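Q: A predicted structure for the sequence below; I have some questions about it.
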Amino acid sequence: MDFSRITGFDSPLFSTLQQILDSADKSASAATRTYVRDAKAMAATPADVKEYPNSYAFIIDMPGLKSGDIKVQVEDDNVLVISGERRRREEKEGAKYVRMERRVGKFMRKFVLPLNANTDKISAVCRDGVLTVTVEKLPPPEPKRPKTVEVKVGREN
């Protein structure tokens with residue numbers, strides 16, 4: 001909003017107020033831009049999740065990435081986080097992009113793990129540009145057996 005244009009005053013007080021409001025708008029929009037960027041990073045990283053009898057598999061395409069570019073973590077004891085960054089390769093001098101469609105930048109996916117996921121037994125393998133994170137399942141709890149209480153013979157009074 002330009003106060004000097006609206007009010008017709010062109011004073012240092014109004015221009016200072018204008019600068020304060022402009023800087024407040026920029027800092028608020030920086031936080032919004034960060035949130036939107038992170039949301040896009042999550043949305044642009046498709047994944048398949050499979051359940052097997054003894055494990056869960058999280059499968060994500062990671063073409064052109066090295067294992068050092070990918071991070072697999074567990075947060076809060078039950079959230080699997082797969083993140084990293086895809087960088088654009090340096091081009092030869094004189095080359096310019098005519099079209100740029102391949103995604104670069106940070107990526108991230110979060111998955112809330114089921115209660116029977118064993119977070120101590122997680123493995124990750126990247127083969128042919130496909131990352132597979134395997135989370136073993138905990139063994140099923142043993143069924144509770146009825147407790148037998150011995151009945152003792154008491155004396156009569």
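A: Looks like it came in fine. Numbers count the residues shown, from 1 in each chain.
Q: beta partners for the closest residue to Asp61 other than its chain neighbours?
A: In space, Asp61 comes closest to Val130 once its chain neighbours are excluded; the distance is 5.8 Å by Cβ to Cβ, 6 or more residues apart in numbering. In this view, the C-beta of every residue, glycine as well, is placed from N, C-alpha and C. With DSSP bridges as the criterion, Val130 is bridged to Asp61, Arg127.
Q: Tell me the confidence at Val130?
A: Looking at Val130, its pLDDT is 91.
Q: What's the local residue count around it?
A: When counting by other Cβ atoms under 10 Å, one arrives at 13 neighbours for Val130.
Q: where along this structure do the strands fall?
A: Applying DSSP state E to the chain gives strands spanning 47-51, 55-61, 70-75, 79-86, 105-112, 117-127, 130-137.
Q: Let me have those strands in TSV, extended by distance to Val153.
A: As requested, the strands of the chain are arranged in TSV below (distance: least, Cβ to Cβ, whole Å):
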stretch	distance to Val153
strand 47-51	53
strand 55-61	53
strand 70-75	56
strand 79-86	57
strand 105-112	55
strand 117-127	48
strand 130-137	48
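Q: Which stretch among the ones you listed approaches Thr148 most closely?
A: Judged by Cβ to Cβ, the one of those that comes nearest to Thr148 is strand 130-137, at 31.5 Å.
Q: Show me which parts of the closest one are buried, residue by residue.
A: By 16 or more other Cβ atoms under 10 Å, the buried positions in strand 130-137 come out as 131, 133-137.
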